[in-house]
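[1] Mind folding the following:
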Amino acid sequence: MISIYTQKEQGEEWLRRYRGYLPVFACVLGFTETGLIPGISAAGRTPEDRKYTACADAEFLYYGPEHKAQYPLPPLAAGASPVLISRAVFESLKIPVHLFNAGLPQPPSVPVIDLGGTPAKCLSSGAAMEITTVHHLFKQGLLWGERLAANNQHKYVILGECVVGGTTTALAILTGLGIDATGKVNSSHPICNHAQKWALVQTGLLKMRGGRGQGAGGDEGDEGAGGENFTLSSSSSSSCPVDPLQLVAAVGDPMQVVVAGMAIAASRSCGVMLAGGTQMLAVYALISAIAQTYALSWQPEEVVVGTTRWVAEDPTGATVDLALNLGTSSLTQSGRIPPLLATHLSFADSRYPQLRAYEQGFVKEGMGAGGACIAAHLSQDWQQHQLLAAIEAQLERLSTAFH
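    Alright, predicted model coming up:
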């Protein structure tokens, strides 16, 4: 039910360590105006729909299919939101869910922890966020990572995300950190729009390099992130070709730096599964670079990336290659290469065309869907038929709820 594509021994050891345990789930919601570019994402049929995707997914995850949604799940060109998968598992297994708003254009209609972030501008501007916002969000990530882990001894946390357009900001972060990611990221399209993504990324990185150093000081002495005196002054700023937090400010999105902070802090005392595909590989690279640049301690052997087979084996991306490339940049040496795990979940035999669309390459992953399935297998030994039945039941309830 679970395949390990990279770092097999470390991945097997991690799975052994957390078998039989229930995790807690934290999902970080964010927004980048990159997601509004026509054709960039299939997570919502129109740019207007995509403004509300994160709110809709959060609402469904929290309340389930019977709730009359303020933000209904957006219509997709094909397929159904991966939140159906996550909700099916978390509801059945009673896994606690924490939702974080790292920067959305409008507040979600569910109880969320507001981290005081802002939506990012389009990464092609080379000035996606203020550096002060990035520093603030990173510290919030450290603080909440420590909190999530504190109530969770001997177990693990699953960190998920919802950011429309996030595979494009992921490509920008990976490229900015010196990792060869061109043509390797995934998308919600059946055939990845690599050329469109790459053009935006090149524009953004070029503008960032042109405007280097404006308002981008990294030395504010901010105390007390996660109980430690944490100052954002790089230990190796002279030798470091790029400051990872400045890179996020230039071409990233608000989710990335929050999840990086959470994972760094949580890894010190429990297991961490970064639940997602390309976006979480970019976060992993960011964790390595931030830990190295700012001399922060973390436990790489506690961190894995968990996704779906549709991402890991996406014929129009190269997820496994990308994971292997993380070890090649001098900026990400501290983390080397993460174990990449994926659930074997298949919708080939589903009675719903919206689910069968996943097998044609639509949708693939989001809202921690792959991580949720891995957790169901680890804690309750769920197999394909149990997963499929639970997910189809969610869809069934959604289609009959208001008719």
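[2] Show me where the protein has its strands.
    For the chain, applying DSSP state E gives strands covering 2-4, 24-30, 97-103, 113-114, 156-162, 271-275, 303-308, 340-343.
[3] ok and the third one relative to strand 24-30, angle-wise?
    It stands for strand 97-103. Between strand 97-103 and strand 24-30, the angle formed by their directions is 20 degrees, by axes from the mean of the first three to the mean of the last three CA atoms, to 10 degrees.
[4] Please name the nearest non-neighbouring residue to residue 49.
    The spatially closest residue to residue 49, leaving aside those adjacent along the chain, is residue 74, at 4.1 Å (CB to CB, 6 or more residues apart in numbering). C-beta here means a position set from N, CA and C on the backbone, and glycine is covered the same way.
[5] From residue 353, how far out is that neighbour?
    From residue 74 across to residue 353, the span is 18 Å (CB to CB, to the nearest Å).
[6] Settle it for me: which of the two has more neighbours?
    For residue 74 and residue 353, the more surrounded residue by other CB atoms under 10 Å is residue 74, and the numbers stand at 20 against 12.
[7] which residues touch the more buried one?
    With contact set as CB atoms under 8 Å, 6 or more residues apart in numbering, residue 74 has these partners: 43, 44, 45, 49, 50, 52, 53, 56, 81.
[8] quick one: buried residues of stretch 36-52?
    Applying a neighbour-count criterion of 16 or more other CB atoms under 10 Å, the buried positions in stretch 36-52 are 36, 37, 40, 41, 42, 43, 44, 47, 49, 50, 51, 52.
[9] Span of that stretch from start to end?
    Taking CA to CA, to the nearest Å, the span from the opening residue of stretch 36-52 to its closing residue is 11 Å.
[10] from here on, count from 36
    Understood, numbering begins at 36; the last thing we discussed is stretch 71-87.
[11] How far off centre is that stretch?
    Average the C-alpha atoms of stretch 71-87, do the same for its chain, and the two points are 18 Å apart (CA atoms, centre = their mean, to the nearest Å).
[12] Might you list the low-confidence residue ranges for the stretch 236-385 of the chain?
    246-275 (pLDDT under 70).
[13] start to end distance for stretch 406-425?
    The first and last residues of stretch 406-425 sit 16 Å apart, counting by CA to CA.
[14] Off-centre distance for it?
    For stretch 406-425, the distance to the chain centre is 20 Å (CA atoms, centre = their mean).
[15] how about residue 55, what does it touch?
    The contact partners of residue 55, by CB under 8 Å, 6+ apart, come to 413, 414.
[16] Return the distance of it relative to residue 416.
    With distances taken as CB to CB, residue 55 is found 9 Å from residue 416.
[17] which residues of the stretch 136-285 of the chain fall in helices?
    Per DSSP state H, counting those that start in this stretch, the stretch 136-285 of the chain has helices spanning 166-185, 201-211, 229-245, 279-286. These are given in chain order.
[18] Spatially, which residue comes closest to the most centrally placed residue in the chain, not counting chain neighbours?
    Relative to the mean C-alpha position of the chain, the nearest C-alpha, by CA atoms, centre = their mean, is the one of residue 196, at 4.0 Å. Closest residue to residue 196 apart from its sequence neighbours, by CB to CB, 6+ apart: residue 290 at 4.9 Å.
[19] Relative to residue 124, how far out is the one you found?
    As defined by CB to CB, residue 290 lies at a distance of 21 Å from residue 124.
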